[in-house]
Structures are given as C-alpha cells and as structure tokens.
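Participant: The following comprises the amino acid sequence and a computationally predicted model.
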Amino acid sequence: MIFRRKNREIELFDNPIINEFEKDVADSLGVSVYSENKSILGNILKKEIEQSKVEPKILLDYFINNSEQLKMFTIKAYSCGIKIDDGEEYPEGEEVPDSEKPKTIKTHGPGIGYGITHAIYFHFLYHDLTNELSEYLKIRRIPYSNRFYKRLTEYYNETIK
C-alpha cells in the first residue's frame, strides 16, 4: 500500500518522466543533455518554478497529457533560440549588478531540467496568460524579455495552433 503525505511536493528535477522527455527532445535536436553541476541546475530550476507560481503537479501533467505538443514547442524554441544572438546587454532600467549576474556554464546542449523551463512557458501560452508570461520573464531577468516573449509566442503559435 502506498501512502502519500499531505502537501507532499512533487519532485520535478531528475524526474524519470521528464528525463525521458528531455532525452527524446535532445535526440531530435542531435544534442546531448548537460548533466553535470546538478545541484546548481536544481537550485536554478527550483527558483524558476517558485517564481512562475505554477504548481509542480500541473507542470508534470503537461509531460504526461500534452507531451507531443510540449515536445514540438520545446524543439522549435530551442532550435530557433540557439541561432539568435541578442547580446549580453540588459535593456536600460533592467541592468543587473555584477554580483547578481548568473555565471555561465559552458555546455554543448541544454542542461538537465530544460524541459521544465519550457513547460512553464508552455503553461502560460497554453492558457493564454500573456501578461503573466511577460511578467515572469521580467522576474527571471531574461535579457530583452519583450523580444523573447514575442519569439516564444511565435514558436507556440507555429507548433500548436
């Protein structure tokens, strides 16, 4: 018999369902998933989920019930995103102090958990929560967040609608 504690948090990072999804997407893109520095990547993803205010169960449901749609969106967003160079600059008014700038981890593919990030974007677009997505990108301090928002919307519309 399986017992669940009340309010038990679902662990998304390194979840077998999400790992399989990410492996399938990476294989489709011809890249490998970066899996070193798991503690750093895990902390980043935990903060992303908290800032999105999307329940982990809802995100996991996308990997189960909307897997193909999410996969198409993720492939489109990732493959088009690697071709774009917005530069390292932050727009005026959104500058980040050097002490708060993220450290770049060199990789040759997406980091473990990248599917969760795309599931968050997918959630906002799937439910037409455009203002919330725009605000979330600003909270995440995504450089040129308005451009990125427009690209995510285009990728979603091209693959889903």
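Facilitator: Ah, there it is. Residues are numbered from 1 along each chain as shown.
Participant: In contact with the most centrally placed residue in the chain, which residues are there?
Facilitator: Centroid check for the chain by C-alpha atoms, centre = their mean gives Thr117 as the closest residue, at 1.2 Å. Shown in contact with Thr117 (C-beta atoms under 8 Å, 6 or more residues apart in numbering): Leu45, Glu48. All C-beta atoms are positioned from the backbone trio N, CA, C, and that covers glycine.
Participant: is it fair to say it lies in a strand?
Facilitator: No. If the criterion is DSSP: H, G, I helix; E, B strand; the rest coil, then Thr117 is helix and not within a strand.
Participant: pLDDT score for it?
Facilitator: Predicted confidence (pLDDT) for Thr117: 96.
Participant: Gly109 now?
Facilitator: The per-residue pLDDT reported for Gly109 equals 74.
Participant: Would you mind listing the buried residues in the helix or strand where Lys150 lies?
Facilitator: Per DSSP states H and E, Lys150 falls inside helix 145-159. Across helix 145-159, burial judged by 16 or more other C-beta atoms under 10 Å covers Ser145, Phe148, Tyr149, Arg151, Leu152, Thr153, Tyr155, Tyr156, Thr159.
Participant: Stretch 69-80 too?
Facilitator: For stretch 69-80, by 16+ other C-beta under 10 Å, it's Leu70, Lys71, Met72, Phe73, Thr74, Ile75, Lys76, Ala77, Tyr78.
Participant: same question, stretch 47-54
Facilitator: Neighbour-count burial for stretch 47-54 flags Glu48, Ile49, Ser52, Val54 (criterion: 16+ other C-beta under 10 Å).
Participant: Among those residues, which lie within strands?
Facilitator: Using DSSP state E, no member of the buried residues of stretch 47-54 falls within strands.
Participant: In helices, which of the residues you listed fall?
Facilitator: Mapping those onto helices (DSSP state H) picks out Glu48, Ile49, Ser52.
Participant: how close does Gln69 sit to Ile139?
Facilitator: Per C-beta to C-beta, to the nearest Å, Gln69 is found 25 Å from Ile139.
Participant: Next: Val31.
Facilitator: 28 Å.
Participant: which one of those two has more residues nearby?
Facilitator: Val31 (16 against 13; other C-beta atoms under 10 Å).
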